[in-house]
Every structure is written in structure tokens, then in C-alpha cells.
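1. With the sequence up front, the predicted model follows.
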Amino acid sequence: MIKLTTILAGLGKLWLEPHISRAIRLNLIMIVVQIALIITFFSQLPPQVPLYYSRPWGEAQLAPTHHLFILPLIATFFLLLNSLLSLPFLEKAAFVSISLIWTSVIASGLGLITLIKIISVIL
């Protein structure tokens, strides 16, 4: 069984790689911006906002305003998951590790774009 200290030490190694640490910092900034936007505009938003765009147009797309916090949670989940997945490849196949982390940046960026679009349409 893998110990938590081993996992945390491995995550520390990710910060030592310049390309990976830059991507992680960018990802964390986008997650913080998402949370800040939600908190800033939360009182100005209606009780329901369009969030589930994969559903048919209309009421099926609406969600309570507090569901907007799903976007930064998903971005955080992708960052953690891809960071853990990239650890075994860090020394032998650095490109795979870098690709996984930058995939997290893309997911976080898409979440940020979605959040900005939702807020701009409503306000």
C-alpha cells in the first residue's frame, strides 16, 4: 500500500520540473479566479443559472446558483488526478507527465471560460 508521505513527496518532485510547476501554478490561478468570480457575483446572480449545456435547451439546463462551484471542483479534481497519474512517468517519460498536467490546465481554462460566459450572459 502506498503511503501518503510517498505520494506527497512525489507531488513535490512535480514542482521541481520547470514546465510542470509553471502549468500547476497557472492551473491554481485559474481555479482561484473561478472561485473569486463566483463569490464576487454570487449575490447578483438569479436563483437558477444555465449550467448543464449538454441537456436540451430550456429549464433542463438550469441549476441552482451554488452549483457553479462544481466548475472549480472539477478543475481541482483534474489537477489532482493528473498529478497523481503523472508521477510514475516523471523520470522515464517526462513528456507524458507534462502532457497530463497541461491537460489539467486546458480543463481548468475551459471551466473558467464557461463560468465567464455564464456570468456575462446573466448580468
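-> Cool, got the structure. Residues are numbered from 1 along each chain as shown.

2. And the average pLDDT for the longest helix seen in the chain is what?
-> The longest helix of the chain (DSSP state H) is helix 94-122. The pLDDT scores in helix 94-122 average 90.

3. Tell me the helices and strands packed up against it.
-> Applying 3 or more C-beta pairs under 8 Å, 6 or more residues apart in numbering; DSSP states H and E, we find helix 94-122 packed against helix 18-41, strand 48-50, helix 70-86. (C-beta placed from N, C-alpha, C; glycine too.)

4. Which residues are in contact with the spatially most central residue of the chain?
-> When C-alpha atoms, centre = their mean is applied to the chain, the residue found nearest the centroid is residue 75 (1.5 Å). Neighbouring residues of residue 75 by C-beta atoms under 8 Å, 6 or more residues apart in numbering: 27, 30-31, 34, 104, 107-108, 111-112.

5. and the spatially closest residue to residue 33 that is not a sequence neighbour, how many residues sit next to it?
-> Distance criterion C-beta to C-beta, 6 or more residues apart in numbering; nearest residue to residue 33, sequence neighbours excluded, is residue 112 at 6.3 Å. Residue 112 has 19 neighbours, counted by other C-beta atoms under 10 Å.

6. Over to residue 54?
-> Residue 54: 6 neighbours (other C-beta under 10 Å).

7. Need the pLDDT of it.
-> 78.

8. cool, residue 13 as well?
-> pLDDT, read off for residue 13, is 74.
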